[in-house]
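Undergrad: pasting the structure only:
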């Protein structure tokens, strides 16, 4: 690429990254607020979270347009092309996180307000863990930090365990009081949505790994990399 | 592009499409077999479906490599670039369908075999509807048929209704017999996984709409298009 094109490419890529981080920040706030709506049974806040999803959808559409323009006009190659295609994946994952938060908020509207407090507290704890995971994943992207990205992948196992124990706990409440089956099922789905948000945060970390190293974030590649670093 | 490059691009794009359709066929067979494993309580088949997911993951990785090569070497523009980026989305959606089928098969291993038959039948019916929807979506892609793609979007509402009625029905079984709460919860999650497979089939149809028309498949755009066609 000529110097002029390189600068234009770098500027546009930085602009795109900034927009993705903004999208990510919005998604983070949606996780926190959806969880708060559930724990405080704040239906107004739940409705507000549902509305906020549209903003993320629009940011994703803008990001896609920018990506298409970047590829068509700047013909990026090698690591530049990886950065652009990685950005496309990131945008898709953040958009899905927005959808999942919207789902949690929609389910909040179906609650009765007298759900089992321990189960509700479980949702709150899980939301905190997931929002923290997303924060670190976005930070990896900003700093293009592979080692931190590998740490995010480890965090995901904790969140899966979290989900499984919350799932089993909620089942016992359902057995104790079958009238609560309907609303407790909503809590289980909320926990599942949070677990899937964790998966998307993991995808973001994997995308960062790929952008920086040019390799897929498979267990073998990561082990080989850690082996080299330690030896 | 020179004529030589155009032919090479067309050949490679066709090769890529053929691979995506093969991936799609594999995903279709996974839906059918996962559902059969549940209805016939065939744990061997469930384990086999779980294994098959790896093949889809590998095909996705191959497709991504091909896409990166295509963009880097052929510099596609306009509708060619849309075709390539659309293919990347398709590959991602089919890969997710494989994951969801694997989840259904994994949950099948948690069943006891004496689940409520009506609920199990409901899973079978829903799996048929979803597999049909995916088939049509893949066919739209093969024929680059926008009108058929719009029909797929309509099918998705049916599947969502299907899911909601199965969900409510299964809740009543849980209330009647609290000992069945655990395994019925697995059935509800299976139904939810099928519903999400339907969402991915919808995404495929939306990607086709975008590839062919260059516009996002929003309700407004589709309505405007249908209005023009009818007048």
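TA: Looks like it came in fine. Quick caveat, the model's predicted, so the values are computed rather than measured. Numbers count the residues shown, from 1 in each chain, chains lettered A, B, ... in the order given.

Undergrad: hmm, the lengthiest helix in chain A touching chain B?
TA: Of all the segments of type helix in chain A, defined by DSSP state H, the longest one is helix A:3-39. No. Between helix A:3-39 and chain B, judged by CB under 8 Å from any CB of the partner chain, nothing touches; the nearest distance is 13.1 Å. (Each C-beta comes from the backbone N, C-alpha and C, glycine too.)

Undergrad: so what's residue A:201 up against?
TA: A:93, A:97, A:130, A:133, A:134, A:136, A:137, A:152, A:155, A:156 (CB atoms under 8 Å, 6 or more residues apart in numbering or on different chains).

Undergrad: at 10 Å what do you get?
TA: By CB atoms under 10 Å, 6 or more residues apart in numbering or on different chains, the contact set of residue A:201 is A:24, A:27, A:31, A:93-94, A:97, A:130-138, A:140, A:152-153, A:155-156, A:159.

Undergrad: Tell me the buried residues in the longest helix of chain A?
TA: Along helix A:3-39, the positions that meet the burial threshold by neighbour count (16 or more other CB atoms under 10 Å in any protein chain shown) are A:9, A:12-13, A:16-17, A:19-21, A:23-24, A:26-28, A:30-38.

Undergrad: any idea which helix or strand comes after that helix?
TA: helix A:43-74 (DSSP states H and E).

Undergrad: Show me what that following helix is packed against.
TA: Packing partners of helix A:43-74 (3 or more CB pairs under 10 Å, 6 or more residues apart in numbering or on different chains; DSSP states H and E): helix A:3-39, helix A:78-108, helix B:43-74, helix B:78-108.

Undergrad: quick one on the thing from earlier: who does the longest helix of chain A touch, helix- and strand-wise?
TA: Using 3+ CB pairs under 10 Å, 6+ apart, helix A:3-39 sits against helix A:43-74, helix A:78-108, helix A:117-143, helix A:181-213.

Undergrad: Check the offset of that helix from the chain's centre.
TA: From the chain centre to the centre of helix A:3-39 is a distance of 12 Å (CA atoms, centre = their mean, to the nearest Å).

Undergrad: Let's see the ChimeraX selection covering just the buried ones among the contacts of residue A:201.
TA: Entered in ChimeraX, the line below selects the buried ones among the contacts of residue A:201, by 16+ other CB under 10 Å:
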select /A:24,27,31,93,94,97,130,131,133,134,135,136,137,138,140,152,153,155,156,159
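
Undergrad: so where's chain A shaky on pLDDT?
TA: Scanning chain A for pLDDT under 70 picks out the ranges A:1-2, A:4-5, A:229-231.

Undergrad: tell me the contacts of residue A:145?
TA: Residue A:145 touches A:136, A:139, A:151, A:152, A:205, A:208, A:209, A:212, counting by CB under 10 Å, 6+ apart.

Undergrad: what about residue A:108, neighbour count?
TA: 26 (other CB atoms under 10 Å in any protein chain shown).

Undergrad: wait, isn't it in contact with residue A:49?
TA: Yes. Counting by CB atoms under 10 Å, residue A:49 is a contact partner of residue A:108 at 8.2 Å.

Undergrad: Please enumerate the shared neighbours of these two.
TA: Joint contacts of residue A:108 and residue A:49 (CB under 10 Å, 6+ apart) are A:34, A:35, A:36, A:37, A:42.

Undergrad: correct me, but the first one touches residue A:47?
TA: No. In this structure residue A:34 lies outside contact range of residue A:47 using CB under 10 Å: 11.2 Å.

Undergrad: Residues that sit against both of those two, list them.
TA: When contacts are counted by CB under 10 Å, 6+ apart, the set common to residue A:34 and residue A:47 consists of A:105, A:106, A:108.

Undergrad: Check the offset of stretch A:52-63 from the chain's centre.
TA: With CA atoms, centre = their mean as the basis, the mean position of stretch A:52-63 lies at 14 Å from the chain mean.

Undergrad: Need the residues that contact that stretch.
TA: A:16-17, A:19-20, A:22-24, A:26-27, A:29-30, A:33-34, A:87-88, A:90-103, A:105-106, B:216, B:218.

Undergrad: If we use 6 Å, what do you get?
TA: Contact with stretch A:52-63 is made by A:19, A:23, A:26, A:30, A:91, A:95, A:98, A:102, as judged by CB atoms under 6 Å, 6 or more residues apart in numbering or on different chains.

Undergrad: Then stretch A:120-132?
TA: Residues outside stretch A:120-132 that contact it (CB under 6 Å, 6+ apart) are A:28, A:31-32, A:35, A:38-39, A:159, A:162, A:166, A:190-191, A:194, A:197-198.

Undergrad: List the buried residues in it.
TA: A:120, A:122, A:123, A:126, A:127, A:130, A:131.

Undergrad: The host helix or strand of residue A:166 close to chain B?
TA: Here residue A:166, judged by DSSP H and E, is contained in helix A:146-176. Yes. Judged by CB under 6 Å from any CB of the partner chain, helix A:146-176 comes into contact with chain B through A:171, A:174, A:175.

Undergrad: Most neighbours out of those, which is it?
TA: residue A:174 (26 neighbours).

Undergrad: Can you tell me the closest non-neighbouring residue to residue A:82?
TA: Once flanking residues are discounted, residue A:82 sits nearest to residue A:211: 5.0 Å by CB to CB, 6 or more residues apart in numbering or on different chains.

Undergrad: Might you report the residue contacts of that neighbour?
TA: A:82, A:83, A:86.

Undergrad: rerun that using 7 Å as the cut-off
TA: A:82, A:83, A:86, A:144 (CB atoms under 7 Å, 6 or more residues apart in numbering or on different chains).

Undergrad: one step back: and the contacts of stretch A:120-132, which two are the farthest apart?
TA: Within the contacts of stretch A:120-132, A:28 and A:166 form the most distant pair, 20.9 Å apart (CB to CB).

Undergrad: out of the helices and strands packed on helix A:3-39, nearest to residue A:3?
TA: helix A:43-74 (12.9 Å).
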